[in-house]
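*Asks:* Coordinates only, no sequence provided:
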């Protein structure tokens with residue numbers, strides 16, 4: 001597989017730090033929610049520690065690129081204003097930022113339109129205050145295929161060229177039909193963007209399903225680890241030992257070597273702006289369906 005595997009690092013848990021020591025990666029993701037209180041209205045002690053160190057690079061003491069993720073629960077999204085987000089970016093100095101997420105809207109078209117406009121206004125605020133468009137990764141929003149296409153167009157108008165689809169929301173909180181819909185959305189998006197990051201997931205089947213992506217963001221290694229689950233090439237098994245950095249990183253190594261980086265996952269490369277991938281749901285552009293990023 002030619003895609004990049006990008007681990008999430010959980011601020012406050014050093015057992016998840018420095019994944020570059022166990023897999024070939026020079027980029028990892030930090031969640032905004034780890035730097036906020038539960039309401040999203042105030043910064044927490046982790047934020048203060050990072051800013052006192054001079055930003056992410058000095059805090060982690062490495063040269064890896066940091067992607068700041070806006071994907072978080074509704075309460076924190078509502079509490080984190082554009083001004084607070086800008087302050088966070090300026091203080092922590094990430095290399096890349098996933099554009100603002102929206103509160104849950106599912107298949108409510110009017111609600112999703114409002115959320116999309118709100119997120120675009122936040123993006124405009126960032127761009128008007130010295131955030132560069134090439135620092136932004138556009139998180140796809142919209143409650144149906146037409147809205148998704150329109151939102152991609154809006155992001156492109158703002159010179160954003162990298163895009164992110166939150167598939168994990170579909171795959172872990174809903175049923176089989178939702179998982180299939182997520183894949184249809186991703187295929188549809190892939191035909192409209194030059195670079196697609198898939199956020200969420202870490203199983204062999206997940207990587208196989210989204211083989212056309214350019215990058216995958218995963219936290220499966222530490223989510224399983226904190227549940228005392230050991231990941232192997234054959235799946236997950238109960239683990240009764242200490243939850244250490246070595247254990248968490250062994251999970252990540254197993255994901256990379258036996259689930260992600262496998263010869264049998266390699267497919268014919270997808271060509272942007274061609275019809276190599278056709279979604280069976282694309283003809284129903286006006287159909288209201290569960291959203292790409294609207295149900296956390």
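*Replies:* Nice, I can see it. If you're wondering where the values come from, they're calculated on a predicted model, not measured in any experiment. Residues are numbered from 1 along each chain as shown.

*Asks:* Backbone dihedrals for residue 215, please?
*Replies:* Phi and psi for residue 215, reported as degrees, to the nearest 10, are phi -160, psi 150.

*Asks:* Isn't it up against residue 6?
*Replies:* Yes. Counting by C-beta atoms under 8 Å, residue 215 touches residue 6, with 5.6 Å between them. All C-beta atoms are positioned from the backbone trio N, CA, C, and that covers glycine.

*Asks:* So residue 80 sits against residue 31, correct?
*Replies:* No. If you go by C-beta under 8 Å, residue 80 and residue 31 don't touch, sitting 11.7 Å apart.

*Asks:* Now do the same contact list for the closest residue to residue 230 other than its chain neighbours.
*Replies:* The spatial neighbour of residue 230 that comes closest, neighbours along the chain excluded (C-beta to C-beta, 6 or more residues apart in numbering), is residue 239 at 4.0 Å. Counting by C-beta atoms under 8 Å, 6 or more residues apart in numbering, residue 239 touches 228, 229, 230, 247.

*Asks:* give me the element the last one is part of.
*Replies:* Right, residue 247. Using DSSP states H and E, residue 247 sits within helix 245-254.

*Asks:* what helix or strand does residue 47 sit in?
*Replies:* Judged by DSSP H and E, residue 47 forms part of helix 45-52.

*Asks:* That helix: how far from the chain's middle?
*Replies:* 23 Å (C-alpha atoms, centre = their mean, to the nearest Å).

*Asks:* Could you list every helix and strand in contact with that helix?
*Replies:* helix 56-60, helix 82-92 (3 or more C-beta pairs under 8 Å, 6 or more residues apart in numbering; DSSP states H and E).

*Asks:* what ranges do the helices span in the stretch 101-250 of the chain?
*Replies:* Applying DSSP state H, counting those that start in this stretch to the stretch 101-250 of the chain gives helices spanning 109-127, 145-157, 168-173, 176-190, 204-209, 220-226, 245-254.

*Asks:* Dump those to a markdown table, plus mean pLDDT, mean neighbour count and distance to residue 260.
*Replies:* Below are the helices of the stretch 101-250 of the chain laid out as a markdown table (pLDDT from 0 to 100; neighbours: other C-beta atoms under 10 Å; distance: least, C-beta to C-beta, whole Å):
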| stretch | mean pLDDT | mean neighbour count | distance to residue 260 |
| --- | --- | --- | --- |
| helix 109-127 | 95 | 18 | 30 |
| helix 145-157 | 97 | 18 | 26 |
| helix 168-173 | 70 | 18 | 15 |
| helix 176-190 | 90 | 19 | 17 |
| helix 204-209 | 92 | 18 | 5 |
| helix 220-226 | 97 | 21 | 10 |
| helix 245-254 | 96 | 20 | 10 |
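
*Asks:* Nearest approach to residue 76 belongs to which of those helices?
*Replies:* Proximity to residue 76, assessed across these by C-beta to C-beta, is greatest for helix 109-127 (13.9 Å).

*Asks:* where's the closest one relative to the chain centroid, distance-wise?
*Replies:* 18 Å.

*Asks:* out of the helices of the stretch 101-250 of the chain, nearest to residue 198?
*Replies:* Among these, helix 176-190 comes nearest to residue 198, with 6.6 Å by C-beta to C-beta.

*Asks:* So which helix or strand of this protein has the lowest pLDDT on average?
*Replies:* helix 168-173 (a mean of 70; mean pLDDT, DSSP states H and E).

*Asks:* which sections of this structure are below the confidence cut-off?
*Replies:* 1, 171-175, 262-296 (pLDDT under 70).

*Asks:* same thing but 80
*Replies:* 1, 104-107, 169-177, 261-296 (pLDDT under 80).

*Asks:* Identify the residue nearest the geometric centre of it.
*Replies:* residue 199 (3.4 Å; C-alpha atoms, centre = their mean).

*Asks:* how near is that residue to residue 60?
*Replies:* 21 Å (C-beta to C-beta, to the nearest Å).

*Asks:* do the same with residue 135
*Replies:* Per C-beta to C-beta, residue 135 is found 18 Å from residue 60.

*Asks:* can you check residue 73 too?
*Replies:* 25 Å.

*Asks:* Please identify which of these two sits among more neighbours.
*Replies:* Taking neighbours as other C-beta atoms under 10 Å, residue 73 and residue 60 compare with residue 60 leading, 19 against 14.

*Asks:* mind listing what that one touches?
*Replies:* Here residue 60 is in contact with 9, 17, 18, 66 (criterion: C-beta under 8 Å, 6+ apart).

*Asks:* What is the nearest of those to residue 160?
*Replies:* For these, the nearest to residue 160 is residue 66 (18.3 Å; C-beta to C-beta).
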